[in-house]
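> quick one, fold the following:
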Amino acid sequence: MTLAFAIIFPLAMLIYSNSRITDVKSDLGARVNDAKETLRAETAKLGTDLRMEMKDLHSEIAMLRKDMNSALERIENAMKVHVLEHHE
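Residues are numbered from 1 along each chain as shown. Next up, the predicted model:
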């Protein structure tokens with residue numbers, strides 16, 4: 001009886017331990033998958049946000065170019081008028 005207990009008890013503990021390891025492994029796998037999904041979603045959102053920011057920056061740069069070209073034209077026209085006034 002003692003010999004049977006000495007054999008059965010460690011085997012039962014080994015089986016119980018393996019089942020706990022399997023549970024932990026499953027739980028860890030599920031958490032890793034959740035983390036992957038969250039990371040993918042955040043990365044996709046970040047990509048969308050960056051594209052929107054780039055589009056906004058492009059628009060702002062285009063507006064600044066237009067403003068600078070207008071200012072340059074006004075300066076050039078003022079200089080032409082000034083040169084013509086001094087030659088007359």
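> Arg20: neighbour count?
By the criterion of other Cβ atoms under 10 Å, Arg20 has 10 neighbours. Just so you know, the C-beta spots here come from the backbone N, C-alpha and C atoms, and that holds for glycine as well.
> now swap in Leu64 and tell me
10.
> with Glu53 instead?
Applying other Cβ under 10 Å, we find 10 residues neighbouring Glu53.
> what confidence value was assigned to it?
We have a pLDDT of 97 for Glu53.
> mind telling me what element it is part of?
Element membership for Glu53, per DSSP states H and E: helix 2-87.
> quick check, distance from that helix to the centre of its chain.
On the basis of Cα atoms, centre = their mean, to the nearest Å, helix 2-87 sits 0 Å off its chain's mean C-alpha point.
> which stretches of this structure have low pLDDT?
Applying pLDDT under 70 to the chain flags the ranges 5, 84, 87-88.
> one more pass at 50, please.
Along the chain, segments meeting pLDDT under 50 are nowhere present.
> kindly provide the distance from Ile47 to Met63.
Rather than Ile, residue 47 is Gly. 25 Å (Cβ to Cβ, to the nearest Å).
> do the same with Asp49
Taken as Cβ to Cβ, the span from Asp49 to Met63 is 21 Å.
> what is the burial count for Met54?
10.
> what does Ala12 give?
Ala12 has 10 nearby residues by other Cβ under 10 Å.
> what's the neighbour count on Arg40?
Arg40, neighbours per other Cβ under 10 Å, totals 10.
> ugh, typo on my part, it should be Ala71
Other residues close to Ala71 by other Cβ under 10 Å number 10.
> how much space separates it from Asn77?
Distance, Ala71 to Asn77, using Cβ to Cβ: 11 Å.
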